[in-house]
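**Q** coords below, sequence missing:
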């Protein structure tokens, strides 16, 4: 990874310390990934070898003509099946641990790249990027399904061994056996298959949940609701709609808070790609105490006689956006439109009337959780570092915290 240097080695900057801390944790996760991977490989290698030896040995070493009861011919495959199931569930446990560690490493890599910021634009980023590549390849290769298929083959082999042994016993002894033993083996096989099916489904669900969740500040669990691709797509769609509306007239973008500024920068970047290069950005920071909204008024000269587009990352209750719109109208704006990346319309307060966001991107009906990511932060419930961390997340998620601890959005 890029070497971290400082003009004063004894007193590195906060930025450098954060990068160093990420590197240390990343190296720990990589070593943990290596350890879990070796454990999983050893489990399969020695477990499959033991199963193969048991299947082969039981077919060679037992002299079926000397057996007084065919029950032994059922017990042997049953023991092998139990061993296969035990190995499968231990294997699944370590697969979950391995994936959790991989996802944590990937999260650290993404955070590291965001912190480097402009440094990565002027050079090839060769730092913490290998985990994302490996996870993508593993998911596309469907390696987990091939492993399950191998377990099924071992199950089938052990049951067929029992079937052939019973058939040989019947022919060697001349005894007429009931089909009870064969049905017992069939029942064992399908029971094992059912356990593996439900176990595999549980593993897939857990891995899916792990992929949709991240831990921030060792306290807050975030569940993804709109991935990066969806956020980027909606931002581009909003830019096209705004371009079509303002293509024959000039306008200014008024942002509210850090989250609004983060989204506005992404939006303006897309508008510039469409040919709008002279977009003026105005910032007005806001504060809220219950239903009382305080907004720092922009300069009169910036608003009077202008087409204003108010841009924010989130509109929920609508208080902040309505207040900002009123201020612009009081300052003599020619027209005022509103734009939001995420519209939590079900949180709209009844006191603001029939307010609607003219340029609305994503929509959510969630009324219980707090939104974070893509400019949205966790507010005062989080530390400054944690707020900066979640604001830079490329997707939008919700905080999985008790409802009583979640304040209302703006």
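**A** Done, it's in. Computed from a predicted model, the values in this text were never measured in an experiment. Numbers count the residues shown, from 1 in each chain.

**Q** number of nearby residues for residue 98?
**A** Neighbourhood size, residue 98 [other C-beta atoms under 10 Å]: 20. For every residue, glycine as well, the C-beta is placed using N, CA and C.

**Q** Which residue ranges of the chain form strands?
**A** Along the chain, counting by DSSP state E, strands occupy 213-216, 220-226, 252-255, 280-283, 286-289, 292-295, 307-315, 335-343, 359-363, 371-372, 396-399.

**Q** mind giving me TSV with those strands and columns for distance to residue 240 and mean pLDDT?
**A** Listed next are these as TSV, based on distance: least, C-beta to C-beta, whole Å; pLDDT from 0 to 100:
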stretch	distance to residue 240	mean pLDDT
strand 213-216	31	70
strand 220-226	19	81
strand 252-255	16	90
strand 280-283	19	86
strand 286-289	28	67
strand 292-295	29	72
strand 307-315	14	90
strand 335-343	13	92
strand 359-363	10	90
strand 371-372	24	86
strand 396-399	20	84
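
**Q** Identify, out of these, the most deeply packed stretch.
**A** Highest mean neighbour count among those (mean count of other C-beta atoms under 10 Å): strand 371-372, with a mean of 30.

**Q** That one: partners in the sheet, and parallel or antiparallel?
**A** Strand 371-372 has the following sheet partners, assigned by DSSP bridges: strand 396-399 (antiparallel).

**Q** tell me how far the partner strand is from the chain's mean position?
**A** Between the centre of strand 396-399 and the centre of its chain there are 10 Å (C-alpha atoms, centre = their mean, to the nearest Å).

**Q** Same check on stretch 153-172?
**A** On C-alpha atoms, centre = their mean, the centre of stretch 153-172 falls 46 Å from that of its chain.

**Q** Report the buried residues of that stretch.
**A** 154-155, 157-159, 161-163, 165-166, 169 (16 or more other C-beta atoms under 10 Å).

**Q** Can you tell me which of those residues is closest to residue 45?
**A** Comparing those against residue 45 with C-beta to C-beta places residue 154 closest, at 13.7 Å.

**Q** thinking again about what came up before, tell me which of the strands of the chain sits nearest to residue 29.
**A** When these are compared (using C-beta to C-beta), the closest one is strand 213-216, at 12.3 Å.

**Q** ok, back up a step: tabulate the buried residues of stretch 153-172 (CSV), appending pLDDT.
**A** Shown next, in CSV, are the buried residues of stretch 153-172 (pLDDT from 0 to 100):
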residue, pLDDT
154, 87
155, 89
157, 87
158, 86
159, 87
161, 81
162, 82
163, 84
165, 79
166, 79
169, 74
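
**Q** Can you lay out these as CSV showing distance to residue 225?
**A** Formatted as CSV, those follow (distance: C-beta to C-beta, whole Å):
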residue, distance to residue 225
154, 40
155, 39
157, 45
158, 45
159, 45
161, 50
162, 50
163, 51
165, 55
166, 55
169, 60
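
**Q** Restricted to helices, list these.
**A** Using DSSP state H, 154-155, 157-159, 161-163, 165-166, 169 are the members of the buried residues of stretch 153-172 that sit in helices.

**Q** if we can go back for a sec, the strands of the chain into JSON lines, with extra columns for distance to residue 109?
**A** Listed next are those as JSON lines, based on distance: least, C-beta to C-beta, whole Å:
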{"stretch": "strand 213-216", "distance to residue 109": "12"}
{"stretch": "strand 220-226", "distance to residue 109": "17"}
{"stretch": "strand 252-255", "distance to residue 109": "29"}
{"stretch": "strand 280-283", "distance to residue 109": "31"}
{"stretch": "strand 286-289", "distance to residue 109": "34"}
{"stretch": "strand 292-295", "distance to residue 109": "38"}
{"stretch": "strand 307-315", "distance to residue 109": "24"}
{"stretch": "strand 335-343", "distance to residue 109": "25"}
{"stretch": "strand 359-363", "distance to residue 109": "26"}
{"stretch": "strand 371-372", "distance to residue 109": "19"}
{"stretch": "strand 396-399", "distance to residue 109": "18"}
